[in-house]
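> Coordinates only, no sequence provided:
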RNA sequence: UGGGAUGUAGCCAAGUUGGUAAGGCACCAGACUUUGACUCUGGCAUUUCGUAGGUUCGAGUCCUGCCAUCCCAGCCA
């Protein structure tokens, strides 16, 4: 299923959409993605973005982008820009339909006045603590506020004074008059406007009162002619209020809200608050640190939009609480990269190998296709010479059972080059093998089977020592060591589960052609994994590669149990 | 102990009017292999669909009870 970007999403929402079209409730499918600009988008948002944009698209509809900026104390333009960049990166387009909830502040205010005139809203004088006390508990109904039945005239006057800044922050709120005895707290006369003197990133100091999400959101949806307002499960309880607002204001053909389960991933945190803490505490280098599950972090790590979209399509959409295995996301990534990434030879942990019977000073250039699965080959020149580097892990003096890489007297194939046989080992004073001497078989040029039909089990990668270039490589692992980062012992928290090895810097030996890569481009370091030329810290003088994901490694699994 | 939701394999998830449990990931076995990768083949819920009953010739699908988990008492979204 991977990489079938045209695959339709079939889920309960699609079913609802089809029924709505069949019944005539809606003519055009119109959704919206409504991020709050108070943090960076992460993989969980990617699910919502895909659902919002894709459900509309596959039904011939459109999707708006709308920033939910009703709380100026938390929101900022920095986030607006980052969010747009991330959505575009995923490949979605909102054309000219970029909106802000703040675009509708005037209308929200006018509708609030209407609500007051209709006796459906009132100004509350009780303090926040008092309001809380009056709200009741899970098992007890709330009590009506003594201010609940003020006259319409008084409410109108007070609300205008709220707007005009005649009260202090928090001194009054505007409440919807619904039902203090409702078992659903959201209907116990919810606040719909609060006084808040904060500079708004869009409206500046024009307002000192701001509408609450529950009030502004349905209005924004209705004004934009949204047909299906899709959100996550925690808003299920808010739906009756969503409907109440639209009904009270009197919108015809109001939008409907539907909820789906948010994405949880093993080894991953998807709480904006906690991600912010990682950034502020310097646990990571920023929102775009390659270990972050943010879209900007994943992008730097080397994830592709295709992999993420395939993933979202594969996990489906349902209402059941779920935690998806990170392995599925990685599967989608590998599936995509396997098809598209160029193959380069890079030795991460070099071990020097001297080919004794190869002529001193001789040099050969192998012309090889490094894009084996693409339609059009991409060829590079790969130099070979007497001294090469191989991976330390590709040699074992005392080989494990079924180890078929290089070992004493053993023969292996150097990819695209020659068969070599180990003849001699050189160790340092501590006993560590620091050099291996081999002989090569000239009849295996290109790595081909010799005339005698001799086969070899192991095939390893290599880099010519005299041609090798040093490159910085950052080996990334999961940020957390436990599938559930939040699972901690008494008094502990997710910080206790940080992986001390989430980032390892090394200097690797690479073939010269690796330097031809573009910033942000993916490639495979043959047999080692997929890597990406870092788009931020890398320079021409000092290229830096990030390990996106390792290759699946059956041997490691066998060897380490 | 109020309300809202959800419970199908280790993890996601199909399962449209009841008719005899899709698919993917992971895992296991094997084939292939100039990446122990990829690819391919086979296996992987059969006293079973949270559970206990009931209706029915027949129930994951209908009815009743129970259990578990998640969300809700922001002037956050």
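On my side now, so go ahead. Just so it is clear, the structure is predicted and the values come from calculations on it, not from any experiment.
> which residue does chain A bring closest to RNA strand B?
Shortest chain A-to-RNA strand B distance, computed as CB to the nearest atom of the strand: residue-wise this is residue A:447, at 2.6 Å. The way it works is simple: take the backbone N, C-alpha and C, and place the C-beta from them, glycine included.
> Let me see the contact set for that residue.
Residue A:447 is in contact with A:413, A:414, A:415, A:416, A:417, A:418, A:419, A:459, counting by CB atoms under 8 Å, 6 or more residues apart in numbering.
> try it again with 10 Å
Contacts here follow CB atoms under 10 Å, 6 or more residues apart in numbering; on that basis residue A:447 touches A:366, A:368, A:413, A:414, A:415, A:416, A:417, A:418, A:419, A:456, A:459.
> Break down the stretch 151-300 of chain A into its strands, ranges please.
A:173-176, A:191-195, A:209-211, A:228-232, A:256-260 (DSSP state E, counting those that start in this stretch).
> Now tabulate the ones you listed in TSV and tack on distance to residue A:553, mean neighbour count and mean pLDDT.
Putting the strands of the stretch 151-300 of chain A into TSV (distance: least, CB to CB, whole Å; neighbours: other CB atoms under 10 Å; pLDDT from 0 to 100) gives the following:
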stretch	distance to residue A:553	mean neighbour count	mean pLDDT
strand A:173-176	58	24	98
strand A:191-195	55	21	98
strand A:209-211	53	25	98
strand A:228-232	36	22	98
strand A:256-260	35	19	98
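> could I get those as JSON lines with distance to residue A:398?
Formatted as JSON lines, the strands of the stretch 151-300 of chain A follow (distance: least, CB to CB, whole Å):
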{"stretch": "strand A:173-176", "distance to residue A:398": "75"}
{"stretch": "strand A:191-195", "distance to residue A:398": "72"}
{"stretch": "strand A:209-211", "distance to residue A:398": "71"}
{"stretch": "strand A:228-232", "distance to residue A:398": "55"}
{"stretch": "strand A:256-260", "distance to residue A:398": "55"}
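> Now render the ones you listed as a markdown table, adding distance to RNA strand B.
Output for those, formatted as a markdown table (distance: least, CB to the nearest atom of the strand, whole Å):
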| stretch | distance to RNA strand B |
| --- | --- |
| strand A:173-176 | 5 |
| strand A:191-195 | 4 |
| strand A:209-211 | 6 |
| strand A:228-232 | 8 |
| strand A:256-260 | 8 |
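> and residue A:504, which of these is closest to it?
Nearest of those to residue A:504, taken as CB to CB: strand A:228-232 at 35.8 Å.
> Check which helices and strands that closest one sits against.
helix A:12-23, strand A:30-33, helix A:43-57, helix A:213-223, helix A:239-249, strand A:256-260 (3 or more CB pairs under 10 Å, 6 or more residues apart in numbering; DSSP states H and E).
> circling back: narrow the contacts of residue A:447 to those in strands?
A:366, A:368, A:413, A:414, A:419, A:459 (DSSP state E).
> show me what contacts the last one?
Residue A:459 makes contacts with A:394, A:404, A:405, A:412, A:413, A:414, A:415, A:416, A:419, A:447, A:526, A:527, as judged by CB under 10 Å, 6+ apart.
> Tell me which two in the residues you listed are the farthest apart.
So, the contacts of residue A:459 by CB to CB: farthest apart are A:404 and A:416, at 18.6 Å.
> And these two? Which one has more around it.
Taking other CB atoms under 10 Å, residue A:404 and residue A:416 do not tie; residue A:416 has more neighbours (22 against 15).
> Stretch A:420-432: which residues count as buried?
Across stretch A:420-432, burial judged by 16 or more other CB atoms under 10 Å covers A:420, A:421, A:422.
> Same check on stretch A:50-62?
In stretch A:50-62, counting by 16+ other CB under 10 Å, buried: A:50, A:51, A:52, A:53, A:54, A:55, A:56, A:57, A:58, A:59, A:61, A:62.
> which one among the residues you listed gets closest to residue A:432?
Closest to residue A:432, out of all of the buried residues of stretch A:50-62 and judged by CB to CB, is residue A:50, at 50.1 Å.
> Surely that closest one and residue A:41 touch.
No. Under the contact definition of CB atoms under 10 Å, residue A:50 does not touch residue A:41, with a separation of 11.8 Å.
> shared neighbours, these two?
A:33, A:90.
> what does stretch A:533-543 contact?
Applying CB under 10 Å, 6+ apart, the contact partners of stretch A:533-543 are A:285-286, A:288-290, A:296, A:299-302, A:469-474, A:510, A:514-515, A:517-523, A:532, A:544-546.
> Mind giving me the ChimeraX select for the residues you listed, buried ones only?
This is how ChimeraX selects the buried members of the contacts of stretch A:533-543, with burial counted by 16+ other CB under 10 Å:
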select /A:285,288,289,290,296,299,300,301,302,471,472,473,474,510,514,517,522,523,532,544,545,546
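> Okay, now the unreliable bits of chain A?
Scanning chain A for pLDDT under 70 picks out the ranges A:1-6, A:561.
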